[in-house]
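1. Fold the following for me, if possible:
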Amino acid sequence: MEPDQPHPAVLKPADWTRNLPRAVYRGLKLLTPPESWFQVYDLGHGTFALYEDGQYEESISYLLLGAEKALLIDTGNGIGNLRQQVRALTSLPVQLVLTHSHIDHVGSCYQFDQVAAFDDADGLARRTAMLGYPHEKARTYIAEPLVRKPFPRGFDPAAYCIPPYRVTRWLADGEVLDLGGRSVEVVHAPGHSPDSICLLDRGARMLWVGDVFYTGQIYTWLAGGDVGQLVASYRRLVELFPAYDLLMPAHNEPAVEKAVLREALAGAEKVLAGAGGYTLLEGGRRKYDFGRFAFVTGPA
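-> So this is what the prediction gives:
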């Protein structure tokens with residue numbers, strides 16, 4: 001979400017913590033103490049989820065280990081020391097890949113030397129994000145209702161900002177990232193944002209979907225969001241079903257069964273067709289609720 005938009009809490013229930021702890025995590029292997037800023041879970045196949053359950057975005061970054069390199073997917077809000085946490089898990093060279101350039105995915109990019117992002121046709125929003133976000137904009141994300149755990153040691157709320165970062169590699173649709181004995185494919189999937197990508201690991205049978213899908217409120221009202229493009233992206237990802245079993249969203253829950261994506265496709269098609277009921281939110285936005293997930297669109 002972009003920090004210059006209306007306060008994000010208008011789209012999040014005031015009692016957002018009521019869903020915590022989420023049931024899915026009880027079946028996963030926790031590697032860090034529960035009170036740590038990053039709750040790190042071992043997902044198998046040399047794959048780890050770094051979950052920020054202390055802030056309302058519930059951002060999830062992922063670390064994938066190959067024989068020669070590690071791949072880090074997204075960097076969350078920049079509240080905890082992500083580089084330190086990654087180094088506790090691996091000494092391999094780390095390639096960071098961004099699923100897209102919204103603030104809650106780029107918070108710790110500045111801590112990494114190798115940063116890759118998708119090179120979409122326009123790229124203005126992404127290149128703006130690379131300049132970082134000053135405290136005046138970033139502080140929205142650490143307002144009292146949106147943080148439920150003590151800040152990590154060394155974090156200064158009064159100085160919180162998103163420092164600038166540099167993209168060192170521009171990715172293309174269909175490009176393959178080789179980690180040594182493990183490869184990950186880039187799948188362009190716009191709809192939430194023009195630069196949104198998914199990352200497919202056929203060997204581990206996992207698909208990282210960024211904000212293209214997650215269990216929660218999926219936004220198409222932000223700059224560059226488009227329901228029609230989201231429908232097209234869902235159709236493409238459903239066609240790829242033979243290549244993966246699990247969705248790895250960037251928020252709330254990892255390891256989501258792929259079957260829910262068919263439901264998301266059907267729901268998005270209804271929204272696109274103007275069918276189905278909705279709840280009117282602040283600013284004229286519309287929320288179409290389908291149970292485990294919902295779509296929030298801009299004003300009609």
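2. right, and His105 touches Gly76 too?
-> Yes - between His105 and Gly76 there is a contact under CB atoms under 8 Å: 7.1 Å. The way it works is simple: take the backbone N, C-alpha and C, and place the C-beta from them, glycine included.
3. Now do the shared contacts for these two.
-> With contacts taken as CB atoms under 8 Å, 6 or more residues apart in numbering, His105 and Gly76 have Ser59 as neighbours in common.
4. For this structure, just list every one of the helices.
-> 82-89, 103-106, 124-129, 135-138, 227-239, 260-273 (DSSP state H).
5. could those helices go into TSV alongside mean neighbour count?
-> Converted to TSV, the helices of the chain look like this (neighbours: other CB atoms under 10 Å):
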stretch	mean neighbour count
helix 82-89	18
helix 103-106	26
helix 124-129	17
helix 135-138	14
helix 227-239	18
helix 260-273	18
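6. looking at the ones you listed, which is closest to His188?
-> helix 227-239 (8.1 Å; CB to CB).
7. by contact count, what packs against the closest one?
-> Packed against helix 227-239 by the contact rule (3 or more CB pairs under 8 Å, 6 or more residues apart in numbering; DSSP states H and E) you find helix 260-273, strand 294-297.
8. Identify the residues contacting the last one?
-> What that stands for is strand 294-297. Outside of strand 294-297, the residues within contact range by CB under 8 Å, 6+ apart are 11, 216-221, 225, 227, 230, 267-268, 271, 281, 285-288.
9. okay, and for the stretch 1-150 of the chain, where does confidence drop off?
-> 1-14, 121, 124-125 (pLDDT under 70).
10. I'd like to know which of the helices and strands packed on helix 227-239 is closest to Ile60.
-> Nearest to Ile60, of all the helices and strands packed on helix 227-239, is helix 260-273, at 16.4 Å by CB to CB.
11. Report all helices and strands that the closest one contacts.
-> Using 3+ CB pairs under 8 Å, 6+ apart, helix 260-273 is in contact with helix 227-239, strand 286-289, strand 294-297.
12. Give me the mean pLDDT for the longest one.
-> With pLDDT averaged residue by residue, helix 227-239 scores 98.
13. Specify the angle between that helix and helix 260-273 in degrees.
-> 160 degrees (axes from the mean of the first three to the mean of the last three CA atoms, to 10 degrees).
14. Stretch 179-186: end-to-end distance?
-> Stretch 179-186 has an end-to-end distance of 14 Å (CA to CA, to the nearest Å).
15. go on, stretch 117-133?
-> Stretch 117-133 has its terminal residues 18 Å apart, counting by CA to CA.
16. and if you look at stretch 35-51?
-> 12 Å.
17. now do stretch 287-295
-> For stretch 287-295, the end-to-end distance is 6 Å (CA to CA).
18. again with stretch 278-298
-> With CA to CA as the measure, stretch 278-298 spans 12 Å from end to end.
19. coming back round to it: would you turn the helices and strands packed on helix 260-273 into JSON lines with distance to Gly54?
-> Converted to JSON lines, those look like this (distance: least, CB to CB, whole Å):
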{"stretch": "helix 227-239", "distance to Gly54": "29"}
{"stretch": "strand 286-289", "distance to Gly54": "25"}
{"stretch": "strand 294-297", "distance to Gly54": "23"}
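20. Near the closest residue in space to Gly66 that isn't next to it in sequence, how many other residues are there?
-> Excluding the flanking residues, the one nearest Gly66 by CB to CB, 6 or more residues apart in numbering is Leu179, at 2.5 Å. By the criterion of other CB atoms under 10 Å, Leu179 has 20 neighbours.
21. Leu179: what's it in contact with?
-> 64-71, 95.
22. now it: how far from Gly277?
-> Separation of Leu179 from Gly277 (CB to CB, to the nearest Å): 45 Å.
23. Report the spatially nearest residue to the spatially most central residue of the chain, omitting neighbours in sequence.
-> What sits nearest the mean C-alpha location of the chain, by CA atoms, centre = their mean, is Ala250, with 2.8 Å. Leaving out its chain neighbours, the residue that sits closest to Ala250 by CB to CB, 6+ apart is Gly210, at 4.9 Å.
24. from memory that neighbour sits against His102, does it?
-> No - the criterion here is CB under 8 Å, and Gly210 misses it with His102 at 9.1 Å.
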